[in-house]
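**Q** How does the following fold in three dimensions:
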Amino acid sequence: MDLARPEVTDARTTRRGNAARLGLMALPVAFFGVFFAYPVAAIVSRGLGGDGGPHLGRLWDVLGQSDIRHVLWFTTWQALASTALTLLLALPAAYVFARFTFPGRQILRAVVTVPFVLPTVVVGTAFLALLGRGGPLDELWGVRLDTTVWAILLAHVFFNYAVVVRTVGGLWAQLDPRQEEAARMLGASPSRAWRQVTLPALAPAVAAAALMVFLFTFTSFGVVQILGGPTFSTLEVEIYRQTSEIFDLSTAAVLTIVQFASVGAILAVHAWTVRRRETALRLVDASVTARRPRGAGQWVLLAGVLATVVVLVLLPLAVLVQRSLDAPDFAYYRALTRNDGNVFLVPPIDAIGNSLQYALVATVIAVLVGGLAAAALTRLPPSRPRAHGGALVAARFVRGFDALLMLPLGVSAVTVGFGFLIALDEPPLNLRGAWILVPLAQALVGVPFVVRTMLPVLRAVDERLREAAAVLGASPWRVWREVDLPMVRRALLVAAGFAFAVSLGEFGATVFIARPDNPTLPVAVARLLGRAGELNYGQAMALSTILMLVCAVALLVLERLRTDRTGEF
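**A** Sure, this is the predicted structure:
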């Protein structure tokens, strides 16, 4: 009888563990089911539905239109061009930040990350100030690029520069340089040693970064809407136009399905590259691989990267600030406190308080849902390439659940926002006029950042500590509180900071559900830019500057908290 006790104990532990996993997953699954899957399905079924059920033939009718095919072609082409241009300009910076030490390196690393957390509306506004009417190019040479594809491509590089620097540079800094040095000692040239030793190790990280950049540019909305003018339109912009201007839900639904399928394929390939990146590599402490540049070539490379950062990152932000100060005595900023009744029901300055309140609530939701999801993914059986039977099913479930958490980054935020209005307007979820709709939409975008920030740290916690606590009688919740939480507290703060920054700048869904008497900062900027007049333009620049400063301060705080330099964000 005594001999059976360990088996009984193991069975009980397994049952308790499974119950804990299901409990951890319950809230994230319910949250995504109600506030993501249901609104998207509602808008798609409404668009394709009819008396006889869904009209799938509408897919071919819409895709056969020449203007829609042009939108699809431009969406794909500009995403490929933006990705290639970003890799071309950012890979040298990834090497410099990974391998060189120089004064101001950490501050500059934080500065190049600022664009990534900026709202797309602010990015579009910054390049509008740089390349558009009254900008430096217009003043010096009479050249305007604000309605050309070059403005869109440059803004996308500006926005995604940090994705490559962080993803590739984080791994590059930890690669053991002695492997390449050994190849050199065996007679390989520098280029051959890099090509045959370093590049294969970096390839999965480069592929993951490229896919993320492609995903963000494929679904671009705010940048294209502001800089593209009437000539250029991506899928996301076209969905917005068909929904809010033409009121053609059928065409919008077809485009949503196309974008959903495309994003699903991109995320599947991205998950494969991430699994490849998890293969064993000889990694070392990043602090021992960085050194001062040596030789003229390395100093020239450092100077070139610094010049690129100044022109590509700092100049648009500086011009944005300068344009907000064009009027004497801070006139544009003072005008934010007045309500002329033409654009808003409240003074534009109120958008600052609204955005901060919404972002704080969204952060709480995102940290709660994302933290539980990350904990569930940590507790679930790991994905093994040769798993069979139940282990294979569990591994596939893990990958499916992980992919579900990433979908809000790529699925049309415009569709989600309009879906909120369509689906959440009847009991028991009659939230159409409720203020909580905005934080819920923002939290959907924040959850993937929370999961991606916390998951590597949670997986690094020694499982034996959890097992020892369970053997001593601690419940799964107490194990989390006593073992995991103290070790991931810093990562939790970083995750909250990222969720706050991205919630603050969410635009695609918020533009539909933010009420006229409670606009958010990105919505206020877009509405001001959409109206003629120097005062409206100047106020948009002023609000964009305020939003940029808030995001920059949040990011600098994150950089001081962050200790892990690897990962995707």
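**Q** how about the CA coordinates for the helix or strand that contains V414, as CSV?
**A** Taking DSSP states H and E as the definition, V414 sits inside helix 413-423. What follows is helix 413-423 as a C-alpha-only set of coordinates in CSV (Å, rounded to 0.1, in the frame of the first residue of the first chain):
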residue,chain,number,x,y,z
ALA,A,413,-7.9,46.7,-36.3
VAL,A,414,-10.4,48.5,-38.4
THR,A,415,-12.5,45.3,-38.7
VAL,A,416,-12.2,44.7,-34.9
GLY,A,417,-13.3,48.3,-34.1
PHE,A,418,-16.3,48.2,-36.5
GLY,A,419,-17.0,44.7,-35.3
PHE,A,420,-17.3,46.0,-31.7
LEU,A,421,-20.1,48.3,-32.9
ILE,A,422,-21.9,45.6,-34.9
ALA,A,423,-21.5,42.7,-32.4
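**Q** Heading C-terminal from that helix, find the next helix or strand.
**A** Note on helix 413-423: by DSSP H and E, the next helix or strand toward the C-terminus is strand 425-426.
**Q** Now do the helix or strand that that following strand is followed by: everything it contacts.
**A** Following strand 425-426 in sequence order, the next helix or strand is strand 429-430 (DSSP H and E). For strand 429-430, the external contacting residues (CB atoms under 8 Å, 6 or more residues apart in numbering) are 34, 423-424. Using the backbone N, CA and C atoms, a C-beta is placed for each residue, glycine as well.
**Q** in its sheet, what does strand 429-430 sit against?
**A** strand 425-426 (antiparallel) (DSSP bridges).
**Q** what's the partner strand in contact with?
**A** 431-432.
**Q** How about T256, nearest residue that isn't a chain neighbour?
**A** T415 (4.7 Å; CB to CB, 6 or more residues apart in numbering).
**Q** measure the one you found to R99 for me?
**A** Distance, T415 to R99, using CB to CB, to the nearest Å: 43 Å.
**Q** Out of those two, name the residue with the larger neighbour count.
**A** T415 (30 against 19; other CB atoms under 10 Å).
**Q** sorry, back to before: would you mind listing the residues in contact with the residue nearest to T256?
**A** T415 neighbours (CB under 8 Å, 6+ apart): 39-40, 43-44, 239, 243, 252, 256.
**Q** just G417 next, same as before
**A** By CB under 8 Å, 6+ apart, the residues touching G417 are 441, 508-513.
**Q** Which residue, other than its chain neighbours, is closest to the residue nearest the centre of the chain?
**A** Centroid check for the chain by CA atoms, centre = their mean gives L409 as the closest residue, at 6.1 Å. Leaving aside its chain neighbours, L409 sits nearest to P448 (5.3 Å; criterion: CB to CB, 6+ apart).
**Q** Now for the one you found, how many residues are close by?
**A** P448: 25 neighbours (other CB under 10 Å).
**Q** Enumerate the positions of whichever strand or helix holds it that are buried.
**A** Using DSSP H and E, P448 sits within helix 437-460. For helix 437-460, a neighbour-count test (16 or more other CB atoms under 10 Å) marks 437-455, 457-458 as buried.
**Q** what sits against V346?
**A** 339, 517-519.
**Q** and what of V206?
**A** Applying CB under 8 Å, 6+ apart to V206 gives the contacts 87, 91, 164, 168.
**Q** Quick one: buried ones out of these?
**A** Taking 16+ other CB under 10 Å as the criterion, what is buried in those is 87, 91, 164, 168.
**Q** The third one and L91 touch, don't they?
**A** Yes - V164 sits in contact with L91 when judged by CB atoms under 8 Å, with a separation of 6.3 Å.
**Q** Specify the helix with the largest residue count in the protein.
**A** The helix that spans the most residues within the chain, counting by DSSP state H, is helix 66-99.
**Q** helix or strand right after that helix?
**A** Next helix or strand after helix 66-99 toward the C-terminus (DSSP H and E): helix 105-117.
**Q** what comes into contact with that following helix?
**A** Under CB under 8 Å, 6+ apart, the answer for helix 105-117 is 93, 97, 123, 158-163, 165-166, 306, 309, 313-314, 317, 498, 501-502, 505, 548, 551-552, 554-556, 559, 569.
**Q** Mark which of those are buried, thanks.
**A** By neighbour count, with 16+ other CB under 10 Å, the contacts of helix 105-117 hold 93, 97, 123, 158-163, 165-166, 309, 313, 317, 498, 501-502, 505, 548, 551-552, 554-555, 569 as buried.
**Q** Contacts for stretch 207-220, please.
**A** Contacts for stretch 207-220 (CB under 8 Å, 6+ apart): 75-76, 78-80, 82-83, 86-87, 120, 152, 156, 159-160, 163-164, 167-168, 234-237, 259, 262-263, 266-267, 269-270, 273-274, 276-277, 409-413, 568.
**Q** from these, which would you call buried?
**A** The neighbour-count test (16+ other CB under 10 Å) marks 75-76, 78-79, 82-83, 86-87, 120, 152, 156, 159-160, 163-164, 167-168, 234-237, 259, 262-263, 266-267, 270, 273-274, 277, 409-413, 568 as buried among the contacts of stretch 207-220.
**Q** Now, those residues that are in helices?
**A** Under the assignment DSSP H, those contribute 75-76, 78-79, 82-83, 86-87, 120, 152, 156, 159-160, 163-164, 167-168, 235-237, 259, 262-263, 266-267, 270, 273-274, 277, 413 to helices.
**Q** Between helix 105-117 and the helix holding P448, find me the angle.
**A** Between helix 437-460 and helix 105-117, the angle comes out at 140 degrees (axes from the mean of the first three to the mean of the last three CA atoms, to 10 degrees).
**Q** Could you name the helices and strands sitting against helix 437-460?
**A** In this structure, helix 437-460 makes packing contacts with helix 5-32, helix 350-379, helix 389-406, helix 413-423, helix 485-505, helix 510-513, judged by 3 or more CB pairs under 8 Å, 6 or more residues apart in numbering; DSSP states H and E.
**Q** from the chain's centre, how far out does that helix sit?
**A** 10 Å (CA atoms, centre = their mean, to the nearest Å).
**Q** quick one: S262 from E506, how far?
**A** Per CB to CB, S262 is found 21 Å from E506.
**Q** can I assume V450 is in contact with V364?
**A** No - applying CB under 8 Å, one finds V450 not in contact with V364, separated by 11.1 Å.
**Q** Pull up the overlap in contacts between those two.
**A** With CB under 8 Å, 6+ apart applied, the contact sets of V450 and V364 do not overlap.
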